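> give me a model of this one.
(4 chains)
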Protein chains: 2
Amino acid sequence: MAMNDQTGADAGNGGGVRQRSRASIERRILEAAESVFAEAGFNGATTAEIARRAAIPKANLHYYFNTKEELYQQVLTGIIGTWLHTADEITADADPARALSHYITAKIELAREQPIPSRVFANEIIHGAPHLGTYLGTELRAWVDTKAKVIRSWIAAGKMRDLDPKHLLFMIWASTQTYADFASQISAVLGKEQLSPQDYKAVARQMTEIILRGCGLTPPA
Amino acid sequence: MAMNDQTGADAGNGGGVRQRSRASIERRILEAAESVFAEAGFNGATTAEIARRAAIPKANLHYYFNTKEELYQQVLTGIIGTWLHTADEITADADPARALSHYITAKIELAREQPIPSRVFANEIIHGAPHLGTYLGTELRAWVDTKAKVIRSWIAAGKMRDLDPKHLLFMIWASTQTYADFASQISAVLGKEQLSPQDYKAVARQMTEIILRGCGLTPPA
DNA sequence: CGGAAATTTGACCAATCGATCAAGATTTTT
DNA sequence: AAAAATCTTGATCGATTGGTCAAATTTCCG
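Now for the predicted structure:
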């Protein structure tokens, strides 16, 4: 909104301090919102609980974010932004085994390090993505088309088995994301409070091996 | 509760009619609840909306189900009951390739035929399974232990590659469930209103091939 | 300093929530 | 047909929701 005009054309230090402070509290609010949205979903989340975790009065929260919807949108777009760069190594001239291995490992590590925003996104998708507008069908679709084209070029070059690239991507997404989104189920079934970094490493190794062999590739040593 | 005592020690036709009628309306309410829970989650779901879809007054809904929690529990247990028998062919004396192939295919078909209850369950897990009590850590854990033991016996018999059976199961769960839970994302990315039965068949075939090759097995013709 | 802008905050509001209740309607049993 | 049990329903309750508002406080800058 017009709120940020304060520092827009402003030079010097004063505005800078304000800006830092504002960015700082907005980050605090967004982190609080992230966890509340992850635990309760959009409908179940309350601005009162978000404000409580951010340690500010509820009215103050509405000073920085007008509506709960606006807060949710920022959380979602933040998550998506974090995601789009995990497959950067999937390029036409890359070695398929190395690229896919790297992608799977990176996704598993992300599932371990940032499970909370992942759950917000998963929750949004499960309920039909009512707050994502046309994003899935436009930008994400284009992203997938690009990556699918790369994989098809690998197939055409005889580097890997012939298969549907998009459903391969879905399978990698599902398998890796499950360790973030369904962590409570996995840890309960395994009888562990939570998985150790070694557990995640072993998971990544086994998942890579299955996927790569499934694609007719040889897992890197 | 004590409401069902009406037909308990009762013989004859009258009670039977009542019972049929009661079972019928309860089924109608449960189906309405299922869809509402799937769309909005437990917190977002309202008894008013459930009653509206069941075409009864809200007060009447509370006559059959005392609380929203009770309704949710019945939906959850119903889903789980449907699930437990999809892996019946995973037994020690079965052929691993056939058993796993059958399991994956059955799970994909279930994802196509009954995506709604699957989403209710997924939503519950994502939010930390607050309504599932100890089920995940006791009964489901025991179920997984049993199946893992079977797979380990396959490995010991040299029938398949050495890998962690539980994480293999998680991978199959994730890959198959994604076509129910994240159907909105998949159809949007593919640019289709919804996947055709042929699409599901192709998905099951490719997924089976990847998993089986990943396990060092030869996919059945 | 002193006024203006930015920020903080408690109090408050209309809307909606899950659940209750009593009164009536219907069906079953005696 | 009378009594009892079961079912239906509009009205309503206290609690909670997202959001508003004006007054107070703090920060900024000439």
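> quick one: the helices in chain A?
A:5-8, A:14-44, A:47-54, A:58-64, A:68-83, A:96-113, A:115-126, A:141-156, A:165-181, A:183-190, A:197-214 (DSSP state H).
> confidence-wise, which of these is weakest overall?
For these, the weakest mean pLDDT is recorded on helix A:5-8, namely a mean of 35.
> which residues touch the nearest residue to A:Gly137 once chain neighbours are set aside?
Once flanking residues are discounted, A:Gly137 sits nearest to B:Ala188: 4.3 Å by Cβ to Cβ, 6 or more residues apart in numbering or on different chains. Yep, even glycine has a C-beta here, placed from its N, CA and C like the rest. With contacts defined as Cβ atoms under 8 Å, 6 or more residues apart in numbering or on different chains, B:Ala188 is in contact with A:129, A:136-137, A:140-141.
> indicate the residue of chain A located nearest to DNA strand C.
Relative to DNA strand C, the nearest point of chain A is A:Ala59 (2.7 Å; Cβ to the nearest atom of the strand).
> what about that residue, how many neighbours?
9 (other Cβ atoms under 10 Å in any protein chain shown).
> try A:Thr46
Count around A:Thr46 with other Cβ under 10 Å applied: 14.
> for A:Asn66, same thing?
Considering only other Cβ under 10 Å, A:Asn66 is surrounded by 12 other residues.
> how near is it to DNA strand D?
6 Å (Cβ to the nearest atom of the strand, to the nearest Å).
> what of A:Arg52?
For A:Arg52 relative to DNA strand D (Cβ to the nearest atom of the strand), the value is 10 Å.
> same deal with A:Leu190?
33 Å.
> thought that residue was touching B:Pro165?
No: the pair A:Leu190 / B:Pro165 is not scored as a contact, 11.7 Å apart, by Cβ atoms under 8 Å.
> residues making contact with stretch A:53-63?
For stretch A:53-63, contacts defined as Cβ under 8 Å, 6+ apart pick out A:25, A:28-29, A:31-33, A:35-36, A:47-48, A:50-51.
> in JSON lines, list these along with neighbour count.
As requested, the contacts of stretch A:53-63 are exported to JSON lines (neighbours: other Cβ atoms under 10 Å in any protein chain shown):
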{"residue": "A:Ile25", "neighbour count": "17"}
{"residue": "A:Arg28", "neighbour count": "15"}
{"residue": "A:Ile29", "neighbour count": "22"}
{"residue": "A:Glu31", "neighbour count": "16"}
{"residue": "A:Ala32", "neighbour count": "20"}
{"residue": "A:Ala33", "neighbour count": "25"}
{"residue": "A:Ser35", "neighbour count": "18"}
{"residue": "A:Val36", "neighbour count": "26"}
{"residue": "A:Thr47", "neighbour count": "17"}
{"residue": "A:Ala48", "neighbour count": "11"}
{"residue": "A:Ile50", "neighbour count": "25"}
{"residue": "A:Ala51", "neighbour count": "20"}
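> is any residue of stretch A:87-104 near chain B?
No: Stretch A:87-104 is not in contact with chain B by Cβ under 8 Å from any Cβ of the partner chain; minimum separation 11.1 Å.
> what about A:Val189, how many residues close to it?
A:Val189 - counted by other Cβ under 10 Å - has 22 other residues nearby.
> quick revisit: quick check, nearest of the contacts of stretch A:53-63 to A:Thr82?
Taking Cβ to Cβ as the measure, A:Glu31 is the one of the contacts of stretch A:53-63 closest to A:Thr82, at 13.5 Å.
> so how far is B:Asn43 from the closest one?
According to Cβ to Cβ, to the nearest Å, A:Glu31 and B:Asn43 sit 21 Å apart.
> what do you get for A:Ser153?
Plainly put, A:Ser153 is 46 Å away from B:Asn43 if you go by Cβ to Cβ.
> and if you look at A:Ala174?
25 Å.
> neighbours around the closest residue to A:Ala111 other than its chain neighbours, how many?
In this structure, A:Ala111 finds its nearest non-sequential neighbour in A:Ala180, 3.8 Å apart by Cβ to Cβ, 6+ apart. Using other Cβ under 10 Å, the number of residues around A:Ala180 comes to 24.
> swap in A:Asp95?
Using other Cβ under 10 Å, A:Asp95 has 14 neighbouring residues.
> which residues touch it?
A:Asp95 touches A:Lys159, counting by Cβ under 8 Å, 6+ apart.
> for the one 4 residues further on, same thing?
When the contact criterion is Cβ under 8 Å, 6+ apart, the partners of A:Ala99 are A:89-91.
> from A:Glu193, how far off is it?
34 Å.
> tell me which residues of stretch A:87-96 come out buried.
Residues of stretch A:87-96 classed as buried: A:87, A:90, A:94, A:96 (neighbour count, 16 or more other Cβ atoms under 10 Å in any protein chain shown).
> kindly report the same for stretch A:161-181.
A:163-181.
> what's the answer for stretch A:140-150, then?
By neighbour count on 16+ other Cβ under 10 Å, the buried set for stretch A:140-150 is A:140-141, A:144, A:147-148, A:150.
> name the residues that touch that stretch?
Contact with stretch A:140-150 is made by A:84, A:87, A:90-92, A:165-166, A:169, B:185, B:188-191, as judged by Cβ under 8 Å, 6+ apart.
> okay, now A:Ala23: neighbour count?
10.
> against A:Arg119, how distant is it?
Counting by Cβ to Cβ - A:Ala23 and A:Arg119 are separated by 25 Å.
> does stretch A:123-131 come close to chain B?
Yes: residues of stretch A:123-131 contacting chain B under Cβ under 8 Å from any Cβ: A:123, A:125-129.
> off-centre distance for that stretch?
Relative to the centre of its chain, stretch A:123-131 is centred 14 Å away, using Cα atoms, centre = their mean, to the nearest Å.
> what is the end-to-end distance of that stretch?
Stretch A:123-131 stretches 11 Å from its first residue to its last (Cα to Cα, to the nearest Å).
> what sits against A:Phe182?
Counting by Cβ under 8 Å, 6+ apart, A:Phe182 has contacts B:122, B:125-126, B:174.
> distance to A:Leu110 for those - can I get that in a markdown table?
Shown next, in a markdown table, are the contacts of A:Phe182 (distance: Cβ to Cβ, whole Å):
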| residue | distance to A:Leu110 |
| --- | --- |
| B:Ala122 | 20 |
| B:Ile125 | 19 |
| B:Ile126 | 16 |
| B:Ala174 | 15 |
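> perfect, that will be all.
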